[in-house]
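Asker: Whatever this is, show me its structure:
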Amino acid sequence: MAKSNIESESASLGVSHIPLVLMQTFVLIADHDGDAATAGRVLGISQPSMSRRISALRELTSRHGGQPWLLLKGKKWLVTAEGQRVRGVVSDLVRRFEQAERFIADTSKSPLTLSIACDHLNAVGMVGRAVEEYLRENPQHRVRLAAPASEARITGVAAGEFDFAIVSDDPAKIFEVARVELYVQELYRDRFLAISKPAYFAEWKSRWEKLPVRRPLRGADLERFPLILPESGSAERRFLEEYYQRAVGRMPDAVVEVDGWEVILRFGMAGVGVGIVTEQALTNHLVDLSSTEEKKIWKHVHRLDDEDFPSESVNLVARRLHGQGEPDLRPHAMELLRLIEAQSKSSSKPALSLK
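Answerer: Numbers count the residues shown, from 1 in each chain. Now for the predicted structure:
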């Protein structure tokens, strides 16, 4: 990228060798019509200190036979022709620095902010609960919780946009996307469930009720049921289709395609088909229900066999300390991570024993 006009001109003037305090002194004297005493009061320095600054500025700007920027006439300092030539550029440089100083000062006074990323499922579940607990303990802090696509979460961590992220990608995929070695930690494995409360008019209601209850369902058990699946083209849909086709030998019959596990759960309980959801999605749904209501819902749930439908690895991704296998996280980010780890342990356990 080409330099701006100001950057190019300031380089040609040779101002890079002049200390910033001397440029500030020059600008204030020029702005106060050559009155060094008034400029000194603005700077908060004594008359001897001001005299030393002016002498240093004159010596530096007249080096190699050049004309100094200031010339004493009576009790005031006049801006010379050379001083007038550089005044605009020097004033702009000083203004930019003072803006940067104010910005840094404001930033240092602002609340500590943690930036993390996950999917919507964890934002309202495991991660969301951990954030609530963290903010109860640290009410003066702020948390930015983003929910971009999985690859954007990984690249965001690698680029420093996020302190850490939660993804379902395996370590090889994470490295491929990030192009750097990141810290990867498995939090828990999310199992797949089948859920349905078939309506009385459903032709497959009796078949659903006769499914085996002492073992997880295999792909073949689902073969003649209308399924409710994630929308076409999504990562979740692709791997569920891959699992189903490998187990059954053909593509699943999707009666409804929707975006989000929570919506699949809703349609499954409405009885329009058999919803395939994750255990975390169901746990999120049950969190505000009474134990009696939970039991009623779990009566309509079957766990899917891990051989046909492998559970997902839910991983935490963070930058890695150089040469070490530890996450490169600030202390408060580590505090939030510990809370998420505690939540993940409860997420890995089914709320009730499945039939």
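Asker: Now do the same for Glu137: its pLDDT.
Answerer: If you check Glu137, the pLDDT there is 95.
Asker: State the three-state secondary structure for Asp33.
Answerer: The local conformation at Asp33, judged by DSSP: H, G, I helix; E, B strand; the rest coil, is coil.
Asker: For it, give me its contacts.
Answerer: Asp33 sits next to Lys76 when contact means Cβ atoms under 8 Å, 6 or more residues apart in numbering. In this view, the C-beta of every residue, glycine as well, is placed from N, C-alpha and C.
Asker: cool, and the one 5 residues further on?
Answerer: By Cβ under 8 Å, 6+ apart, the contact set of Thr38 is His32.
Asker: so which helix or strand takes in the residue nearest to Asn138 when sequence neighbours are not counted?
Answerer: In this structure, Asn138 finds its nearest non-sequential neighbour in His332, 6.9 Å apart by Cβ to Cβ, 6 or more residues apart in numbering. Element membership for His332, per DSSP states H and E: helix 331-347.
Asker: For that helix, name the packing helices and strands.
Answerer: strand 113-117, helix 126-137, strand 164-167, strand 183-190, helix 279-286, strand 312-318 (3 or more Cβ pairs under 8 Å, 6 or more residues apart in numbering; DSSP states H and E).
Asker: And that helix, how far out from the chain middle?
Answerer: Counting by Cα atoms, centre = their mean, to the nearest Å, helix 331-347 is centred 16 Å from the centre of its parent chain.
Asker: quick revisit: can you check the pLDDT for the residue nearest to Asn138?
Answerer: 94.
Asker: Pro350 now?
Answerer: Looking at Pro350, the pLDDT reads 50.
Asker: Begin at 783 from now on, thanks
Answerer: Done: numbering now begins at 783, and the last item shifts to Pro1132.
Asker: Can you get me a residue count around the closest residue to Phe879 other than its chain neighbours?
Answerer: In space, Phe879 comes closest to Leu802 once its chain neighbours are excluded; the distance is 6.1 Å by Cβ to Cβ, 6+ apart. Other residues near Leu802 come to 12 when the count uses other Cβ atoms under 10 Å.
Asker: And Leu802, how far from Arg835?
Answerer: 12 Å (Cβ to Cβ, to the nearest Å).
Asker: Now for Arg835: which residues touch it?
Answerer: Neighbours of Arg835 in contact, by Cβ under 8 Å, 6+ apart: 803-804, 807, 827.
Asker: now with 7 Å?
Answerer: Going by Cβ atoms under 7 Å, 6 or more residues apart in numbering, Arg835 touches 803-804, 807.
Asker: so of those residues, which ones are in strands?
Answerer: The strands, defined by DSSP state E, take in nothing from the contacts of Arg835.
Asker: possible to save those as TSV with neighbour count?
Answerer: Converted to TSV, those look like this (neighbours: other Cβ atoms under 10 Å):
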residue	neighbour count
Val803	14
Leu804	20
Thr807	25
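Asker: Among those residues, which are located in helices?
Answerer: Among the contacts of Arg835, DSSP state H puts 803-804, 807 in helices.
Asker: So for the helix ranked longest in the chain, what gets flagged as buried?
Answerer: If you go by DSSP H, the chain has its longest helix at helix 863-891. Neighbour counts over helix 863-891 (16 or more other Cβ atoms under 10 Å) mark 864-865, 868-869, 871-876 as buried.
Asker: and which of these is nearest Ala818?
Answerer: Using Cβ to Cβ, Gly865 comes nearest to Ala818 of the buried residues of helix 863-891, at 14.0 Å.
Asker: Skipping its backbone neighbours, what lies nearest the closest one in space?
Answerer: Trp851 (3.5 Å).
Asker: so how far is Asp945 from the one you found?
Answerer: Look at Trp851 and Asp945: by Cβ to Cβ, they are 48 Å apart.
Asker: give the contact list for Arg1032.
Answerer: Applying Cβ under 7 Å, 6+ apart, no residues contact Arg1032.
Asker: If we use 10 Å, what do you get?
Answerer: 1005, 1026 (Cβ atoms under 10 Å, 6 or more residues apart in numbering).
Asker: Could I get the pLDDT score of it?
Answerer: In this model, Arg1032 carries a pLDDT of 93.
Asker: That one falls within a helix, correct?
Answerer: No - read with three-state DSSP, Arg1032 is coil and lies in no helix.
Asker: pLDDT of the helix or strand hosting Ala821, averaged?
Answerer: Element membership for Ala821 (DSSP H and E) is helix 818-825. Averaged across helix 818-825, pLDDT comes to 90.
Asker: now the stretch 783-932 of the chain, which segments are flagged as low pLDDT?
Answerer: 783-798, 884-885, 887-891 (pLDDT under 70).
Asker: please redo it, this time with the cut-off set to 80
Answerer: 783-799, 846-847, 881-892 (pLDDT under 80).
Asker: number of nearby residues for the residue nearest to Asp945 when sequence neighbours are not counted?
Answerer: Of all residues not flanking Asp945 in the chain, Ala1115 sits nearest, at 4.3 Å (Cβ to Cβ, 6+ apart). Using other Cβ under 10 Å, the number of residues around Ala1115 comes to 19.
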